[in-house]
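Chemist: coordinates for the following, if possible.
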Amino acid sequence: MRAIRVASAALLTATALTLTAPTATAAVAGDDTNNNITSFGFRVTPSTIAAGGQVTLSVDGCDGDTKVTSGIFDDASIPKGQQSTTASVFWDAKPGAMYEVTFDCKGETGKTDLTIATGRPDGNGTVHRGVKAGIGGSLGGLDLHEIALGSALILGALGTAYYKTRRRAGEDNS
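Modeler: As a prediction, the model looks like this:
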């Protein structure tokens with residue numbers, strides 16, 4: 001009977017430690033989303049737009065014509081010597097969807113994302129989304145005080161489990 005209690009406490013502790021451990025992420029070699037380095041600079045402004053809105057496509061350091069393609073607007077071209085052009089996002093763009101925008105400068109390509117906003121668009125592409133809230137503790141890193149407190153709680157739970165399993169059968173288990 002005591003072995004079952006100890007095994008249960010160990011399993012519970014292992015589960016708690018597994019669920020509270022931070023997750024690791026790694027960049028995959030050859031993945032363009034993590035290694036999107038080009039000899040020229042490029043950007044889409046704004047990076048989040050309402051359906052039907054207009055974006056500015058900009059390029060820096062390209063000494064030729066730049067072709068800009070995406071599934072969310074008609075293909076655009078930035079002629080040599082210019083740094084930007086505009087494009088109108090299709091009205092049937094799905095709110096909340098993310099579309100890839102590809103910049104091609106003399107065969108070298110760079111990619112970035114354009115997000116379609118959710119909310120109520122007004123006439124010029126601006127979206128009224130309401131209050132930005134709910135980010136909570138998701139932005140924080142590792143805090144030594146929180147780690148120490150969490151470790152103390154886990155040790156306390158382990159100590160209590162050990163104490164409860166070591167009690168004699170004749171004692172009150174309340």
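Chemist: got the phi and psi for the closest residue to Ala51 other than its chain neighbours?
Modeler: Residue nearest to Ala51 in three dimensions, not counting chain neighbours: Ala93, with 4.1 Å by Cβ to Cβ, 6 or more residues apart in numbering. Every residue, glycine included, has its C-beta placed from N, CA and C. Backbone torsions of Ala93, given as degrees, to the nearest 10, read phi -60, psi 140.
Chemist: what's the pLDDT at Ala93?
Modeler: We have a pLDDT of 85 for Ala93.
Chemist: so what's it up against?
Modeler: 51-52, 72, 99, 116 (Cβ atoms under 8 Å, 6 or more residues apart in numbering).
Chemist: the longest helix in this protein is where?
Modeler: Of all the elements of type helix in the chain, the one with the most residues (DSSP state H) is helix 144-166.
Chemist: what about the residue lying closest to Thr109 once chain neighbours are set aside, distance to Gly61?
Modeler: In space, and not counting its chain neighbours, Thr109 is closest to Thr102: 5.6 Å by Cβ to Cβ, 6+ apart. Between Thr102 and Gly61 the distance, using Cβ to Cβ, to the nearest Å, works out to 17 Å.
Chemist: neighbour count: these two, which is higher?
Modeler: Between Thr102 and Gly61, counted using other Cβ atoms under 10 Å, Thr102 has the larger neighbour count: 16 against 11.
Chemist: was I right to think that one contacts Leu114?
Modeler: No - contact criterion Cβ atoms under 8 Å: Thr102 and Leu114 do not qualify, at 10.8 Å.
Chemist: any shared contact partners between the two?
Modeler: Here Thr102 and Leu114 share the contacting residues Ser70, scored by Cβ under 8 Å, 6+ apart.
Chemist: so where do the strands sit in this protein?
Modeler: For the chain, applying DSSP state E gives strands covering 41-45, 48-49, 54-60, 66-70, 76-78, 84-88, 98-105, 108-116, 120-121, 127-128.
Chemist: I'd like to know which of the ones you listed lies nearest to Ala10.
Modeler: With respect to Ala10, and counting by Cβ to Cβ, the nearest of the strands of the chain is strand 98-105 at 43.4 Å.
Chemist: give me the mean pLDDT for that closest one.
Modeler: On average, strand 98-105 scores 92.
Chemist: quick check: angle from it to strand 41-45?
Modeler: Calculated by axes from the mean of the first three to the mean of the last three Cα atoms, to 10 degrees, strand 98-105 forms an angle of 140 degrees with strand 41-45.
Chemist: picking up where we left off before, any chance of a markdown table for the strands of the chain, columns distance to Ala7?
Modeler: Formatted as a markdown table, the strands of the chain follow (distance: least, Cβ to Cβ, whole Å):
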| stretch | distance to Ala7 |
| --- | --- |
| strand 41-45 | 56 |
| strand 48-49 | 51 |
| strand 54-60 | 59 |
| strand 66-70 | 56 |
| strand 76-78 | 64 |
| strand 84-88 | 63 |
| strand 98-105 | 46 |
| strand 108-116 | 48 |
| strand 120-121 | 56 |
| strand 127-128 | 54 |
